[in-house]
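K.L.:
one predicted model, sequence on top.
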Amino acid sequence: MTKKCAGCGALLQSDDPKQAGYVDYKFYFDAAVCRRCFRIKNYGEYQVIDKNTNDYRKFFDIVKSKKELVLFLCDVLSLDDSINELNEFKGSVILVITKIDLLPKSVKQAKLKKYINENYDLNVKEIIFLSSKKNYNIDLLFKYINEYKKSEKVYLVGNTNAGKSTLINTLIKSFNTNFNSLITTSVSPATTLDFIEVKLNDSITLIDTPGIIDNNSFLYNEKPSTIKLISCRSEIKPRTYQMKPNQSIIIDKYARIDYLSDTKNSFTLYLSNDVKVRRININTNSYLKDLKLNSFNLDDNNDIVINGLCFCKITKKAKVNVYAKENVKVYNRKNLI
Ligand SMILES: Nc1nc2c(ncn2[C@@H]2O[C@H](COP(=O)(O)OP(=O)(O)OP(=O)(O)O)[C@@H](O)[C@H]2O)c(=O)[nH]1
Ligand SMILES: [Mg+2]
């Protein structure tokens, strides 16, 4: 008899503790979840399963050919060109921008929507901004699901950590009070390992999928303590610095932003409130200059994004040098907010 872990979707097995779905043979028949899920939930411990990043993408690619409704989730702090991929889905797509509670309340959704519409040409039924944590717009999403679903199956896809499993648990809590969803969620990447079907009601079955791993993210291959520290958990308090020429911003031990223009400028950092930031003099301090250099000559109203770590809103034209880990994508875009 085979059965699946209700937390991560892996097939339960008692042969290899290092592989997905392991559960001690003594518990096999009674267990609903694998040892890894049990430990994530109860002790916050995280075990990396040794898989190739393509193993995760495989599930995403399978959903592309389905005709059913797809909820394409994107963390508001990781909004980038990867959302263009939603145009490759055969089924209707709703773009769900998650974790909206992390942005300061002053940020207008209309502005975010305008940014998406001006920068991307997306074939979507709706764009919705929500927060599973604050239960914000969950009712509206439920209404859209009923309006656009083609059959009872509704798929949730997106990058790892976009909040797919958390959203399913929230929908279950809100609309199926007879059932307690067991899907495991965590701040670490690659939590969900296989398709997980959860019945929301007689006419809707939600299907969770493993998220896509972004090799160019700061979070890729970082240790759990660093992931916890840099992941935003509460509303971001933006940090504004009036930069003078030859000043530099140091983001803990992770990145350095040198300001090279010769007029004053305003830099506002959006990142986890727990990460320490300080300002130094470029000429007398070479801290973190051994990291990879990315140079920019920016127009006014641009953001510098250090993928997975933060973004920095810069108001005027600026020459900047950004130092970050070798694999991390650093890029500029028009101001998001
Ligand atoms: N602040 C905030 N955090 C959220 C929200 N939704 C999810 N999270 C957090 O984001 C992290 C990732 O959530 P998951 O639901 O595990 O993400 P996932 O998309 O299922 O990730 P994979 O299974 O790896 O693909 C967890 O720490 C969640 O608590 C939200 O609306 N607001
Ligand atoms: Mg998940």
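P.N.:
Perfect, thanks for sending it. Numbering: from 1, shown residues only. Ligands and ions are numbered 1, 2, ... in the order given.

K.L.:
what's the distance between stretch 31-38 and the middle of its chain?
P.N.:
Centroid separation between stretch 31-38 and its chain, computed with CA atoms, centre = their mean, to the nearest Å, is 24 Å.

K.L.:
first to last residue in that stretch, what's the distance?
P.N.:
With CA to CA, to the nearest Å applied, stretch 31-38 spans 10 Å between its terminal residues.

K.L.:
avg pLDDT for that stretch?
P.N.:
Mean pLDDT, computed over stretch 31-38, is 95.

K.L.:
and Tyr270, how far from Leu102?
P.N.:
With the distance defined as CB to CB, to the nearest Å, Tyr270 ends up 9 Å from Leu102. Heads up, the C-betas are built off the backbone N, CA and C, glycines and all.

K.L.:
kindly report the same for Thr177.
P.N.:
Per CB to CB, Thr177 is found 28 Å from Leu102.

K.L.:
who's more crowded, the two?
P.N.:
With neighbours defined as other CB atoms under 10 Å, Thr177 and Leu102 compare such that Leu102 has more, 20 against 8.

K.L.:
where's that one relative to ligand 1, distance?
P.N.:
Taking CB to the nearest ligand atom, to the nearest Å as the measure, Leu102 falls 5 Å from ligand 1.

K.L.:
could you look up the SS state of Arg39?
P.N.:
Put simply, Arg39 is helix when judged by DSSP: H, G, I helix; E, B strand; the rest coil.

K.L.:
wait, doesn't it sit right on Val33?
P.N.:
No. Contact criterion CB atoms under 8 Å: Arg39 and Val33 do not qualify, at 9.7 Å.

K.L.:
higher neighbour count, these two?
P.N.:
Each of Arg39 and Val33 has its neighbours counted (other CB under 10 Å); Val33 has more, 23 against 15.

K.L.:
helix, strand or coil for the more buried one?
P.N.:
Per three-state DSSP, Val33 ends up coil.

K.L.:
which residues touch it?
P.N.:
Contacts for Val33 (CB atoms under 8 Å, 6 or more residues apart in numbering) come out as 5-8, 23, 41, 182, 184.

K.L.:
filter the residues you listed down to the buried ones.
P.N.:
Buried members of those, counted by 16 or more other CB atoms under 10 Å: 5-8, 23, 182, 184.

K.L.:
and the residues you listed, which of them are in strands?
P.N.:
Judged by DSSP state E, strands contain none of these.

K.L.:
and those residues, which is the shakiest by pLDDT?
P.N.:
Looking at those by pLDDT, the weakest one is Leu182, with 82.

K.L.:
which residue is the nearest non-sequential neighbour of that one?
P.N.:
Once flanking residues are discounted, Leu182 sits nearest to Ala6: 4.1 Å by CB to CB, 6 or more residues apart in numbering.

K.L.:
how about Lys253?
P.N.:
Leaving out its chain neighbours, the residue that sits closest to Lys253 by CB to CB, 6+ apart is Leu288, at 7.2 Å.

K.L.:
and the residue nearest to Leu71 when sequence neighbours are not counted, how far from Lys289?
P.N.:
Counting by CB to CB, 6+ apart, Leu71 lies nearest to Leu156, which is 4.8 Å off, once chain neighbours are set aside. Distance from Leu156 to Lys289, counting by CB to CB: 42 Å.
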